[in-house]
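A.B. asks: Provide a 3D model corresponding to the input given below.
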Amino acid sequence: PSMISNPTAFVLVGMGAFFAGAAKVPISSMIMVSEMTGGYQLLVPMMLASSTSFVATNRINLYEQQVNRMADSPAHMGDFTVDVLDSLMVDQAFHSSPNIPMVSEDTPLSEIQNLITQCPISYFPVVNSKGEIIGLIALDDVRSVLFEEGMDQLLIARDFMSKATTVTPAESLKSALKKFIQYNYSQIPVVDIRNENQIIGMLSHEDVIGTYNKKIRHLKTGV
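C.D. replies: Model (predicted):
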């Protein structure tokens, strides 16, 4: 005992080294010991001890459910989701279909009802006399007046259309998802980046989720 002038230092280094190996956090252990001592006098022995402990206990882990990457952690999944969507473009998710049926702003409800029965999409872009998109008609908007007697000749598209919002192929899926949430749409028109009045397809909420899932599967398996 007389050979050791300050046994407290050995206790702290030993404690930090044990935690570094058991929890697989060598850097965190160094920081904890430095903060407990109020200085960096034990930083060098902590680096040596925690590194040795980390290597020696390679197959031992205090936390049986600890994941290998932050991307696999449920606690960080929200941040990771945003990062993935920010790296994906609308061009990777939507299916090009330039023949999307559009509705003139003065189209009567009766014609819109016929169009809905013939087309599989849920949202119909509304355009003005110049061909510029000014709104969207959703199936839910039509259902609210579908069984009102006489309304099919009185109402026109402009009366019950929703605010128009679009995305471009070069826009990120993170930006597109924000628009889905903001306007509560399930489909958004995709317009040509060179001509924002030319609709080249429809992006659905399912397209965004499907593309995201494919990217996550590729990151995890490489396939």
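A.B. asks: Below-threshold pLDDT in this structure: ranges please.
C.D. replies: Scanning the chain with the threshold set as pLDDT under 70 gives 1-4, 63-82, 144-153, 222-223.
A.B. asks: Show me where it has its strands.
C.D. replies: In chain order, the chain shows strands spanning 95-96, 103-104, 123-127, 133-138, 162-163, 187-192, 195-204, with DSSP state E as the criterion.
A.B. asks: So which of the ones you listed is nearest Phe18?
C.D. replies: With CB to CB as the measure, strand 195-204 is the member of the strands of the chain nearest Phe18 (52.9 Å). C-beta coordinates here come from the backbone N, C-alpha and C atoms, glycine included.
A.B. asks: Now find how far off-centre the closest one is within its chain.
C.D. replies: In terms of CA atoms, centre = their mean, to the nearest Å, the centre of strand 195-204 is found 21 Å from the chain centre.
A.B. asks: what helices or strands is it leaning on?
C.D. replies: strand 95-96, strand 123-127, strand 187-192 (3 or more CB pairs under 8 Å, 6 or more residues apart in numbering; DSSP states H and E).
A.B. asks: Give me the residues contacting the second one.
C.D. replies: With CB atoms under 8 Å, 6 or more residues apart in numbering as the contact definition, strand 123-127 has outside contacts at 100-105, 112, 115-116, 133-139, 157-158, 161, 164, 185-189, 197, 199, 202.
A.B. asks: quick one: that strand to strand 133-138, angle?
C.D. replies: Between the axis of strand 123-127 and that of strand 133-138 there is an angle of 150 degrees, by axes from the mean of the first three to the mean of the last three CA atoms, to 10 degrees.
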